[in-house]
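**Student:** just a sequence and a predicted model for now, questions to come.
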Number of protein chains: 2
Amino acid sequence: MLNKKIKIAIAGIGTVGKGLIDLLSKYKNKEIKIEITAIASRKKQEFKGKIFNKTVFFNDAQKLLKFHNYDILVELIGGEKGVSKDIVFNALREKKNVVTANKALVSKFWNQLHTLMNKNNCSLKYEAAVAGGIPIIKVVDEFLVSNKITKIYGILNGTSNYILSNMLSHKKEFESILIEAQKLGYAESDPRFDIDGTDTAHKLSILSSLAFGCYNISLRIENEGIENVDLQDLQIADSLGYKIKLLGLTELKNKNIKNFVYPCLVSKDSFIAKVDGVYNGIVVESNFCKKSCFVGEGAGARPTATSVLSDIISLSTRRNNSCRKSSKFHYEETSLQSRFGSYYLRFTTYDKPGVISGIANQFKTFNISMKSMLQKEIKVGNPNDATIVITTHDCLEKNMMRALKEINKLNFIRKKTVYFRIENFK
Amino acid sequence: MLNKKIKIAIAGIGTVGKGLIDLLSKYKNKEIKIEITAIASRKKQEFKGKIFNKTVFFNDAQKLLKFHNYDILVELIGGEKGVSKDIVFNALREKKNVVTANKALVSKFWNQLHTLMNKNNCSLKYEAAVAGGIPIIKVVDEFLVSNKITKIYGILNGTSNYILSNMLSHKKEFESILIEAQKLGYAESDPRFDIDGTDTAHKLSILSSLAFGCYNISLRIENEGIENVDLQDLQIADSLGYKIKLLGLTELKNKNIKNFVYPCLVSKDSFIAKVDGVYNGIVVESNFCKKSCFVGEGAGARPTATSVLSDIISLSTRRNNSCRKSSKFHYEETSLQSRFGSYYLRFTTYDKPGVISGIANQFKTFNISMKSMLQKEIKVGNPNDATIVITTHDCLEKNMMRALKEINKLNFIRKKTVYFRIENFK
């Protein structure tokens, strides 16, 4: 029998904080008693119930800097600077353990946080920062501890996945689905980071750092978002056997790390294409377990609170920080320019002779080979326009970008050409 | 820095044992050094390499009963009785930790094993016993520690999933795919337990015991296997929008536990239907995380060895046995007779008037309502026979069995009616 009492101080009572209090009030374990010694919440809220019997309340998280009666700081404020950063670093400096859901902070200060906790022999845990309802940190850190991970990819943002799934199923454009998502609470009032890929990049950076034991790569992830995905692209991709998903991917090959975040076409048969709505889906490839796949709710109060509480309990029963060894290798990050893969291109042109040959000539110049071509009757916009969709065989991104630059200058091109990368997962 | 040395004694060097040695020889961690102090292997094998520098070799695992120079016993012999049982219980009595892949032993002696480890404050870990490459024990025990689990279901046996998937895709009958699977190493020379559902029942029993904290239910799981699944049933199910999968399911509702193992029809749109080949797939439903899904290789040397090593490392860094609280509630197990659900039925009849009305009359008597009916032209066997396929709305299993008994007596019935249950997962 363990018979342990853990004192926690919670900073920030927003969605996740409320979920955690809900979960804590239901959680009963004779061996591990969790006591909330402090709550810092800017908004005035009522806290009722037995679990607050010994709680001190602060209206400003800064006050936690001078509060010491806790074993674990639970930081649920968010943001890479300001008070959340102050209290997390302060706790680690005081050799306390920290549990956080703050992906911006953990991804940006990965190196400093790990240096500090190794020095002070304390822990920071962040299961809730990546894919709330999927225990992906635990899987990479503990289950695959002995495996060499070669690649992790997936859908890491529920909001954008909800939007893409529902644009296609409801046949509506981006804006109107975004408004729906906001009404339903699936998108925040300021959904910028969810939509432009920043949120995915933060999570990917954490996964990449953990899996490959490398430092300071967070700021170099190039991310593209879903703002420019049109309903017609989703529909054309569908007719070609693909779905469009906002993916994050990190891959290690010969000491080169490839990281990307962009919307891309994936075959409908692939595991990742089957993850729809607000769900997240992650695939991990490793030397001994080949392919492991995980699907769960990516965000929301309850799954994220589950992750937070799992970390709290884990800290109260474990001796060490992390199972996965960290390395201080310096990896090279490969840029998108060197991507070798296939593309989906949608051209809007005047409907006149010479268009195909004009495009084909540029393809030839830049060593790009077509795989399929489809001319669509246009239903919106100018009736004299034509829509031409081309998919290519594998080619170098650098060449594709140069070809598109030239093609966009041609006099029959009516609008800037739309392109998406195609990822062929087995 | 942890700087820990763990001594392990390995019993049994078959497929998994070899995988573990392979993995150990590649695994490097400065903080945790794993030393193999003993290996017991009946077969004469050569063990070369630095990791065996301090190893004592035994040709009989019984000799481990008198060997004490280890922290963790790694039992990879298998089987619910004999030497594997002796050395596991002996180790726990001596307050040593145990890691095992032995599903038969863990499921059968769940109660005794847990009583002993609680008494002696030592641990038995068994991640490798259930779905090798999926960390489902860790997920249920640690990640979902605070959640109330309501249901776990999935494909827990890779051999039978390989056979069902390949029968359909290669249009071949059970026997010929089984022979192929044996050649490829996906089925053992004696595949009985994989095929008749026993292996799935063992794993399900462990999941059920862990998730619901209950005891001694292993022997009461009713299991049916895939021996009687015909190619034509797979094909007809396919045309109706279903796949046939060997499923294990455990569900807790109002203190009643429902456990079953049988082949059944699942909608092609369901998550579980998309898990093909040797892969395992598991869905966990819980109060805070709703639905979490996991896919990975279910067996084989390397994924299973990954589970074993994850357990070894976890034992060397943790303080306690299990996170999930155990309860000693006595749950009632509901029998299959009380199942309320829908059915797929395939009748082989003489092709003559009165057949449909004969069947329909019995349905009426037993309060069963048809959902769809399809009469197939028969291509094999007697050209005067007809094949009639019916799916039903939800009804009581007891009624269905009584109706089928009466129908099978009717004079136009040529062969015993084939039935499968239909499971409607959202």
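**Tutor:** Yep, it's here.
**Student:** how does chain A divide into domains?
**Tutor:** The record assigns chain A these domain ranges, following automatic domain parsing: A:4-129, A:136-298+A:321-336, A:337-423.
**Student:** end to end on the longest one, go ahead and measure it.
**Tutor:** Start-to-end span of domain A:136-298+A:321-336 (CA to CA, to the nearest Å) is 26 Å.
**Student:** where's A:L207 relative to chain B, distance?
**Tutor:** Distance from A:L207 to chain B, counting by CB to the nearest CB, to the nearest Å: 16 Å. For the C-beta atoms, the positions are set from N, CA and C on the backbone; glycine is no exception.
**Student:** one more: A:E406?
**Tutor:** Taken as CB to the nearest CB, the span from A:E406 to chain B is 42 Å.
**Student:** tell me the SS of the most centrally placed residue in chain A?
**Tutor:** Central residue of chain A (CA atoms, centre = their mean): A:T200, 2.6 Å from the mean position. Classification of A:T200 using DSSP: H, G, I helix; E, B strand; the rest coil returns helix.
**Student:** and it, what does it touch?
**Tutor:** A:T200 makes contact with A:156-157, A:160, A:223, A:246-248, A:261, according to CB atoms under 8 Å, 6 or more residues apart in numbering or on different chains.
**Student:** ok so, going back, quick one: the domains of chain A as JSON lines, columns for mean pLDDT too.
**Tutor:** JSON lines is the format used below for the domains of chain A (pLDDT from 0 to 100):
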{"stretch": "domain A:4-129", "mean pLDDT": "94"}
{"stretch": "domain A:136-298+A:321-336", "mean pLDDT": "90"}
{"stretch": "domain A:337-423", "mean pLDDT": "92"}
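**Student:** deepest in the core, which of the ones you listed is it.
**Tutor:** domain A:136-298+A:321-336 (a mean of 20; mean count of other CB atoms under 10 Å in any protein chain shown).
**Student:** spell out which parts of the stretch 151-300 of chain A neighbour chain B.
**Tutor:** When proximity is defined as CB under 8 Å from any CB of the partner chain, the stretch 151-300 of chain A approaches chain B at A:271, A:274, A:286-297.
**Student:** among the contacts of A:T200, which lie within helices?
**Tutor:** A:S160 (DSSP state H).
**Student:** for A:S267, give its distance to chain B.
**Tutor:** Distance of A:S267 to chain B, computed by CB to the nearest CB: 13 Å.
**Student:** and what of A:D22?
**Tutor:** For A:D22, the distance to chain B - CB to the nearest CB - is 8 Å.
**Student:** ok, now which ones touch A:I422?
**Tutor:** By CB under 8 Å, 6+ apart, the contact list for A:I422 reads A:242, A:264-266, A:341-344, A:391.
**Student:** what's the end-to-end length of stretch A:223-240?
**Tutor:** When the termini of stretch A:223-240 are compared using CA to CA, they are 25 Å apart.
**Student:** right, and the pair among the residues of the stretch 151-300 of chain A next to chain B with maximum separation?
**Tutor:** A:N287 and A:E297 (29.6 Å; CB to CB).
**Student:** can I take it that A:K415 is in a strand?
**Tutor:** Yes. Assessed with three-state DSSP, A:K415 lies in a strand.
**Student:** check contacts around it.
**Tutor:** A:T348.
**Student:** for chain B, see how far away the closest residue to A:I13 other than its chain neighbours is.
**Tutor:** Once flanking residues are discounted, A:I13 sits nearest to A:S41: 4.1 Å by CB to CB, 6 or more residues apart in numbering or on different chains. For A:S41, the distance to chain B equals 21 Å [CB to the nearest CB].
**Student:** torsion angles phi and psi at A:S41?
**Tutor:** Backbone geometry at A:S41, expressed as degrees, to the nearest 10, gives phi -150, psi 120.
**Student:** same deal with the one 10 residues further on?
**Tutor:** Per-residue torsions, A:I51: phi -70, psi -10 (degrees, to the nearest 10).
**Student:** going along the chain, name the strands of the stretch 251-400 of chain A.
**Tutor:** A:256-267, A:279-286, A:290-297, A:332-334, A:340-350, A:370-376, A:385-392, A:395-396 (DSSP state E, counting those that start in this stretch).
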